[in-house]
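>>> Here's my sequence, what's the structure:
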Amino acid sequence: MQTEIVIAGFGGQGILFAGQVLAYAAMDAGKEVTWIPSYGPEMRGGTANCTVIISDEEIGSPLVRNPRCAIAMNLPSLDKYEESVVKCGLLIVNASLVNRPVKRRDIQSIPIPANEIAESLGDRRLINIVVIGAMLARLPVLEIDGIAQVLKEHIPERHKKLLPLNLQALEAGANFVRKELTKELV
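Numbers count the residues shown, from 1 in each chain. Reported below is the predicted structural model:
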């Protein structure tokens, strides 16, 4: 099975690192993987996105037109990628920065207040890991424990002190979605 994921937002939100974490976890799990970053020339605040493909078999092309999952970290990203998600696909939306509902009804959409969750943990830079946890709670293409291990191995040395918070952010994102799913069943 092959899963295509697009993560999009603006520079400074950890978009590319989130994609790298998924790619490393997929490699560690014995999967085939591609990771392609794309970003504007600005240091912070410009556009940033990446595509990650995770597969059980060899990947034919690293290009993604219609991902199974998109993570939109801001309104321009939602506007750009909402229509491209495959029917019955998943769209995670950072509700902290998006002021409109998802228009499509033929996909699963999960609005998550990623900024508020990250800030409640003590560091707004954790939003990228919050949304990865949220995605994996609904689209279990990788194990959360595998992501935790990758974080331990790949967080830059200067940010090692943030590892416990990153692990909390991963669980907080997943728990948010699990609670939402429970509400839907009631």
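
>>> how close does the spatially most central residue of the chain sit to residue 87?
Centroid-nearest residue in the chain: residue 132, 3.9 Å away (criterion: Cα atoms, centre = their mean). As judged by Cβ to Cβ, to the nearest Å, residue 132 and residue 87 stand 24 Å apart. Yep, even glycine has a C-beta here, placed from its N, CA and C like the rest.

>>> how about the nearest residue to residue 91, chain neighbours excluded?
residue 109 (4.5 Å; Cβ to Cβ, 6 or more residues apart in numbering).

>>> Beta-bridge partners for the closest residue to residue 92 other than its chain neighbours, please?
Counting by Cβ to Cβ, 6+ apart, the nearest residue to residue 92 once its immediate chain neighbours are dropped is residue 71, at 4.5 Å. For residue 71, the beta-bridge partners are residue 7, residue 92 (DSSP bridges).

>>> Summarise which helices and strands the helix or strand containing residue 169 is packed against.
Assigned by DSSP states H and E, residue 169 falls within helix 163-185. Packed against helix 163-185, as judged by 3 or more Cβ pairs under 8 Å, 6 or more residues apart in numbering; DSSP states H and E, are the following elements: strand 108-112, helix 114-121, helix 127-138, helix 144-154.

>>> gap between that helix and the chain center?
Its chain's C-alpha centre and that of helix 163-185 lie 13 Å apart, by Cα atoms, centre = their mean, to the nearest Å.

>>> mind exporting it as CSV, just the C-alpha atoms?
C-alpha atoms of helix 163-185 as CSV (Å, rounded to 0.1, in the frame of the first residue of the first chain):
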residue,chain,number,x,y,z
LEU,A,163,12.5,16.2,23.4
PRO,A,164,10.1,15.6,26.3
LEU,A,165,7.9,18.4,25.1
ASN,A,166,8.0,17.0,21.5
LEU,A,167,6.9,13.6,22.9
GLN,A,168,4.1,15.2,24.8
ALA,A,169,3.1,17.2,21.6
LEU,A,170,2.9,13.9,19.6
GLU,A,171,0.6,12.4,22.2
ALA,A,172,-1.5,15.6,22.6
GLY,A,173,-2.2,15.7,18.9
ALA,A,174,-3.2,12.0,18.8
ASN,A,175,-5.3,12.3,22.0
PHE,A,176,-7.2,15.3,20.6
VAL,A,177,-8.2,13.3,17.5
ARG,A,178,-9.1,10.2,19.6
LYS,A,179,-11.4,12.4,21.8
GLU,A,180,-13.0,13.8,18.7
LEU,A,181,-13.6,10.3,17.3
THR,A,182,-15.1,9.3,20.6
LYS,A,183,-17.5,12.3,20.4
GLU,A,184,-18.6,11.2,16.9
LEU,A,185,-19.5,7.7,18.2
